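S.K.: Provide a 3D model corresponding to the input given below.
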Amino acid sequence: METATRLTEQDLNQLKSQVEEAKRKAEYDRLKRDLHDITYKAANTPTEFDGAMQRPDTNKVLRTKRTKHHFFDLLFERVRGMFSLRPIVGNIIALLIAVVALFYIYNEVNMAGFEQYQSYFVIGIQIFAAIQIIKSATRGLLLPFLALIVGGSIAHSLGADQTLLHFNKAFYEHLMITGIIGLGVAVLSID
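M.R.: Numbering: from 1, shown residues only. Just a heads-up that it's a prediction; the model follows:
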């Protein structure tokens, strides 16, 4: 005996709506998964302002569409990011403000009785600038390297009684030491 099932128009419409609902659910699940992946990447990938000192080491973040990563490409990208200006723009602005403050302390402030306190103001501004160089080491290597190279080269070329821009050899030696401390902080910051 043959049993033939006859589908009515209503049954066909109901099956079509079930298929459409299954397609919508599959599309919704795919979009939800994609959104989760994008959110995960965004939360775990540092931006250009965060610097390249810390990079999460997870498979999802490191996976890209490229098939092969060469070691030197990865190394170059990481070093380029560590010497980027963008993460340390705030530190550079703070150092420029410190330079302007030092200029005014040395050249423009002519108040009576200020001379006896001038050295304290200068030392305070120098300490704040050194702190900015050390703080920048957590986001980039540029300022500590510059402090080390500039401080070391000028300190090496100045004599004991010579000055450059109102600063003696000891200042530039301290700048070099600040660069060394900054590099030490950078070594601890790199992941």
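S.K.: which stretches of this structure form helices?
M.R.: Using DSSP state H, the helices of the chain run over residues 9-44, 59-62, 71-82, 89-107, 115-136, 142-157, 169-189.
S.K.: Which of those sits closest to Thr163?
M.R.: Of all the helices of the chain, the one in closest proximity to Thr163, counting by Cβ to Cβ, is helix 169-189 (8.3 Å). No exception for glycine: its C-beta is placed from N, CA and C like everyone else's.
S.K.: send the alpha carbons of that closest one over as CSV?
M.R.: C-alpha atoms of helix 169-189 as CSV (Å, rounded to 0.1, in the frame of the first residue of the first chain):
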residue,chain,number,x,y,z
LYS,A,169,78.5,68.3,32.8
ALA,A,170,76.8,66.9,36.0
PHE,A,171,73.3,67.7,34.5
TYR,A,172,74.1,65.8,31.4
GLU,A,173,75.5,62.9,33.4
HIS,A,174,72.2,62.9,35.4
LEU,A,175,70.3,62.9,32.1
MET,A,176,72.3,59.8,31.0
ILE,A,177,71.5,58.1,34.3
THR,A,178,67.8,58.9,33.8
GLY,A,179,68.0,57.3,30.4
ILE,A,180,69.6,54.2,32.0
ILE,A,181,66.9,54.0,34.7
GLY,A,182,64.2,54.5,31.9
LEU,A,183,65.7,51.6,30.0
GLY,A,184,65.6,49.5,33.1
VAL,A,185,61.9,50.3,33.6
ALA,A,186,61.4,49.4,29.9
VAL,A,187,63.0,46.0,30.4
LEU,A,188,60.5,45.3,33.2
SER,A,189,57.6,46.6,31.1
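S.K.: List of residues touching that helix?
M.R.: Here helix 169-189 makes contact (Cβ atoms under 8 Å, 6 or more residues apart in numbering) with 53-54, 82, 126, 130, 133-134, 136-139, 141, 143-152, 154-155, 158-160, 162, 164.
S.K.: Just the angle for that helix relative to helix 71-82, thanks.
M.R.: 130 degrees (axes from the mean of the first three to the mean of the last three Cα atoms, to 10 degrees).
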